[in-house]
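Chemist: have a look at this prediction, sequence included:
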There are 2 protein chains.
Amino acid sequence: MIATTQADEGPGSSKPCAVSEAGPGNLRSVGLEEAVANVQASIEQAAEIAQVQQEDVSAVCLAAAGAGRQSEKEQLESYLLQLGYSNFIVCTDADVLLPAVSTQTGCEHNTGIALIAGTGSIAIGCTLDGQKLRSGGWGYLLGDHGSGYALGQAALADITQVIDLVKPPSRLSEILPKRIGISDVQEIIPWCYSANDAREKIAGLAPVVFEAAESNCPVARQIIEENAAKLASTCVALLRQAVGRHLQLTEQDGRLILACSGSLLTQQPDYRDAVVRGVAQDSFVVQHVREVSPHTVVSPVVGAVELARRLCTPVE
Amino acid sequence: MIATTQADEGPGSSKPCAVSEAGPGNLRSVGLEEAVANVQASIEQAAEIAQVQQEDVSAVCLAAAGAGRQSEKEQLESYLLQLGYSNFIVCTDADVLLPAVSTQTGCEHNTGIALIAGTGSIAIGCTLDGQKLRSGGWGYLLGDHGSGYALGQAALADITQVIDLVKPPSRLSEILPKRIGISDVQEIIPWCYSANDAREKIAGLAPVVFEAAESNCPVARQIIEENAAKLASTCVALLRQAVGRHLQLTEQDGRLILACSGSLLTQQPDYRDAVVRGVAQDSFVVQHVREVSPHTVVSPVVGAVELARRLCTPVE
């Protein structure tokens, strides 16, 4: 969780002047009470660093994972009202990625695709007239293809099949138990099922898959390739949705902006490249898009500050 | 949960004289307290039907899913001691399948493979000298390939991809929401995540996959084929384990007994046939086995009664 205060460095600037971190702000993971407590702690910390008083805050953008559904959005909005803010926007962490790209590129629109792959995965499309399209984001039981969870689960399914002698050992099955910190592979069952945070623990195995792939483990490489292809399909699906509804997902010059975020896409450049390549080479994309412009957004904070800044700048 | 009382109809007979049903007896699903309460209710009911007093019970076989681990086995054993029984055996539901086959075939050994595919999936191998081998049974997060859960989850992953326009609609994606009883497909998220019994609910979708396959839905057929192949691999893995350890998993004449149980294998003959065919055609099996003899065990009760009967019959 990161909160930012607005830096009033003149029009067009969205550089954050203070950044702070607190616990998770995802309503669906930790519940409303814990989420808002974490948001508040982060706001106070950032305000202190920036030496900003609450009465000087002219706009707030609260971008939180899990704020995509109406009921959760409204809960966060009423919380901001309680805190005494009146000029605010509540959106998801995906919604700030394209605004972040627009500050980088100087482009006015937020058109394109925001793709996040961390513990889960989701792609949000924003059309030229501001309509939102969505693909993925179904959670670990229903989908989340290409996510850290999907990679971790594939690695675990591989290792159990190696133990059973269904498959031959691989570099991945060799290093995974060591990275988990178990000496007997049978301990993988209590490791997995005894925890309340099995989803996060399994997603946390994704770096081990990348490590194995770097030593040319064919099993790890296949898991990565398949999941990169699924993330590419998730993006292509957005273009398919837009075309089906006669909406424009590309910039006016035909470029498709692809803003990437989440630990898997920001920390694993080969994975991100495979996804971008998959999108650019899909026949449906080739047919409808002039060029795919990937942007790896290092900090969604920039996008959140940009959205807050726009709240203070009347549209002419 | 089914409890049986022993029918003393002479040596060699394991026909149950009373069968009763109660709630689940799986320690890992419902906890010790509820599991033993269900076991007790079932014993009392069966004893009443059979008009048997506790002092007349000469042996007990308690075959319960989840009793495979030592700690859980010991909990159930001490419970039977508390109830006043002294001559008993505690084993898993898989352990009674081969004894059930042996009463059908008149064969003395319990050699072969017991394969269960219901909500989860597991294969237990029993060698000629009584050693147990195991493949699968890792639970829904780590494996359970070919299980009802795996089929249901594949169906859900398909439908979410259809909604996203990643995939074209299929017969499966058409009928699934109707069978779940939702009018708006977006309701699939609360349907899936709000329940404590998501695993059972997802596994309960397996019949819809078979229904779609019967109308020649290629998506459903592929899900079924892939999972049948995985169950076959689970069985072949046991033979691989046995060969690697110089153990004999076949009868002395080279036949491999394959005892099938669980709702998927008993209620879906095409699925069972595909699994058996997969095992029989695997090159490793062809190399080591003269013939694969499939047996669909309708009632594991017969096997449990057989094991109890053996406790009363001293081995010569």
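Modeler: Received the coordinates, thanks. Numbering: from 1, shown residues only, chains lettered A, B, ... in the order given.
Chemist: not counting its neighbours along the chain, what's nearest A:R179?
Modeler: A:V208 (4.7 Å; Cβ to Cβ, 6 or more residues apart in numbering or on different chains). Placement of C-beta: from N, CA and C, glycine included.
Chemist: helix, strand or coil for that neighbour?
Modeler: helix (DSSP: H, G, I helix; E, B strand; the rest coil).
Chemist: which residues are in contact with it?
Modeler: A:A155, A:L172, A:I175, A:L176, A:R179 (Cβ atoms under 8 Å, 6 or more residues apart in numbering or on different chains).
Chemist: please flag which of those sit within strands.
Modeler: Of these, none are assigned to strands by DSSP state E.
Chemist: okay if I get those as TSV plus pLDDT and neighbour count?
Modeler: Formatted as TSV, the contacts of A:V208 follow (pLDDT from 0 to 100; neighbours: other Cβ atoms under 10 Å in any protein chain shown):
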residue	pLDDT	neighbour count
A:A155	96	24
A:L172	96	26
A:I175	94	19
A:L176	94	25
A:R179	91	14
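Chemist: burial count for A:V30?
Modeler: Counted with other Cβ atoms under 10 Å in any protein chain shown, the neighbours of A:V30 add up to 16.
Chemist: can you map out the strands along chain A?
Modeler: A:2-4, A:19-21, A:60-63, A:88-91, A:112-117, A:121-126, A:132-136, A:255-261, A:291-296.
Chemist: dump those into JSON lines; add mean neighbour count as well.
Modeler: Formatted as JSON lines, the strands of chain A follow (neighbours: other Cβ atoms under 10 Å in any protein chain shown):
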{"stretch": "strand A:2-4", "mean neighbour count": "23"}
{"stretch": "strand A:19-21", "mean neighbour count": "16"}
{"stretch": "strand A:60-63", "mean neighbour count": "24"}
{"stretch": "strand A:88-91", "mean neighbour count": "19"}
{"stretch": "strand A:112-117", "mean neighbour count": "31"}
{"stretch": "strand A:121-126", "mean neighbour count": "26"}
{"stretch": "strand A:132-136", "mean neighbour count": "23"}
{"stretch": "strand A:255-261", "mean neighbour count": "24"}
{"stretch": "strand A:291-296", "mean neighbour count": "18"}
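Chemist: which of these has the lowest average pLDDT?
Modeler: Ranked by mean pLDDT, the strands of chain A bottom out at strand A:2-4, with a mean of 45.
Chemist: residues from the stretch 101-250 of chain A in reach of chain B?
Modeler: A:134-136, A:138-139, A:141-143, A:145, A:153, A:156-157, A:160-161, A:164-166, A:188-189, A:192-193, A:198, A:202, A:233-234, A:236-237, A:240-241, A:244 (Cβ under 8 Å from any Cβ of the partner chain).
Chemist: these in helices, which ones?
Modeler: A:153, A:156-157, A:160-161, A:188-189, A:192-193, A:198, A:202, A:233-234, A:236-237, A:240-241, A:244 (DSSP state H).
Chemist: if we can go back for a sec, which among the strands of chain A is found nearest to A:P269?
Modeler: strand A:291-296 (8.1 Å; Cβ to Cβ).
Chemist: picking that back up, list just the nearest of the contacts of A:V208 to A:T313.
Modeler: Nearest to A:T313 among the contacts of A:V208, with distances taken as Cβ to Cβ, is A:A155, at 47.2 Å.
Chemist: what about the helices in the stretch 1-150 of chain A?
Modeler: Using DSSP state H, counting those that start in this stretch, the helices assigned to the stretch 1-150 of chain A run over residues A:27-50, A:70-82, A:97-105, A:148-163.
Chemist: dump the first one to PDB, keeping only the CA atoms.
Modeler: Put plainly, it is helix A:27-50. Output of helix A:27-50 as PDB, limited to C-alpha atoms (Å, rounded to 0.1, in the frame of the first residue of the first chain):
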ATOM      1  CA  LEU A  27     -10.800  -5.000   0.900                       C
ATOM      2  CA  ARG A  28     -11.300  -8.600  -0.400                       C
ATOM      3  CA  SER A  29      -8.100  -9.900   1.100                       C
ATOM      4  CA  VAL A  30      -8.000  -8.200   4.500                       C
ATOM      5  CA  GLY A  31     -11.500  -6.800   5.100                       C
ATOM      6  CA  LEU A  32     -12.700  -3.200   5.300                       C
ATOM      7  CA  GLU A  33     -11.500  -2.400   8.800                       C
ATOM      8  CA  GLU A  34      -7.900  -3.500   8.200                       C
ATOM      9  CA  ALA A  35      -7.700  -2.000   4.700                       C
ATOM     10  CA  VAL A  36      -8.800   1.400   5.800                       C
ATOM     11  CA  ALA A  37      -6.500   1.400   8.800                       C
ATOM     12  CA  ASN A  38      -3.600   0.700   6.500                       C
ATOM     13  CA  VAL A  39      -4.700   3.400   4.100                       C
ATOM     14  CA  GLN A  40      -5.000   5.900   7.000                       C
ATOM     15  CA  ALA A  41      -1.600   5.000   8.300                       C
ATOM     16  CA  SER A  42      -0.100   5.400   4.900                       C
ATOM     17  CA  ILE A  43      -1.800   8.800   4.300                       C
ATOM     18  CA  GLU A  44      -0.600  10.100   7.700                       C
ATOM     19  CA  GLN A  45       3.000   8.900   7.100                       C
ATOM     20  CA  ALA A  46       3.200  10.400   3.600                       C
ATOM     21  CA  ALA A  47       1.600  13.700   4.800                       C
ATOM     22  CA  GLU A  48       4.200  13.900   7.600                       C
ATOM     23  CA  ILE A  49       7.100  13.300   5.200                       C
ATOM     24  CA  ALA A  50       5.700  15.900   2.800                       C
END
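Chemist: which strands or helices does that helix pack on?
Modeler: strand A:2-4, strand A:19-21, helix A:70-82 (3 or more Cβ pairs under 8 Å, 6 or more residues apart in numbering or on different chains; DSSP states H and E).
Chemist: now these in TSV, with distance to A:Q53?
Modeler: Below are the helices and strands packed on helix A:27-50 laid out as TSV (distance: least, Cβ to Cβ, whole Å):
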stretch	distance to A:Q53
strand A:2-4	15
strand A:19-21	16
helix A:70-82	17
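Chemist: quick revisit: turn the contacts of A:V208 into JSON lines, including distance to B:G31.
Modeler: Converted to JSON lines, these look like this (distance: Cβ to Cβ, whole Å):
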{"residue": "A:A155", "distance to B:G31": "30"}
{"residue": "A:L172", "distance to B:G31": "35"}
{"residue": "A:I175", "distance to B:G31": "36"}
{"residue": "A:L176", "distance to B:G31": "30"}
{"residue": "A:R179", "distance to B:G31": "32"}
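Chemist: coming back round to it: including distance to chain B, could the helices and strands packed on helix A:27-50 go into TSV?
Modeler: Below are the helices and strands packed on helix A:27-50 laid out as TSV (distance: least, Cβ to the nearest Cβ, whole Å):
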stretch	distance to chain B
strand A:2-4	26
strand A:19-21	27
helix A:70-82	11
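Chemist: what's the closest of those to A:S293?
Modeler: strand A:2-4 (25.4 Å).
Chemist: rewinding a little: and B:S183, which of the helices of the stretch 1-150 of chain A is closest to it?
Modeler: helix A:70-82 (18.3 Å).
Chemist: convert the C-alpha atoms of the closest one to PDB, please.
Modeler: The C-alpha trace of helix A:70-82 is given here as PDB (Å, rounded to 0.1, in the frame of the first residue of the first chain):
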ATOM      1  CA  GLN A  70     -19.300  -1.000  -6.900                       C
ATOM      2  CA  SER A  71     -20.000  -2.000  -3.200                       C
ATOM      3  CA  GLU A  72     -16.400  -1.900  -2.300                       C
ATOM      4  CA  LYS A  73     -15.800   1.300  -4.100                       C
ATOM      5  CA  GLU A  74     -18.600   2.900  -2.200                       C
ATOM      6  CA  GLN A  75     -17.200   1.700   1.100                       C
ATOM      7  CA  LEU A  76     -13.900   3.400   0.400                       C
ATOM      8  CA  GLU A  77     -15.600   6.500  -0.800                       C
ATOM      9  CA  SER A  78     -17.700   6.900   2.400                       C
ATOM     10  CA  TYR A  79     -14.500   6.300   4.400                       C
ATOM     11  CA  LEU A  80     -12.700   9.200   2.600                       C
ATOM     12  CA  LEU A  81     -15.800  11.400   3.300                       C
ATOM     13  CA  GLN A  82     -15.500  10.400   7.000                       C
END
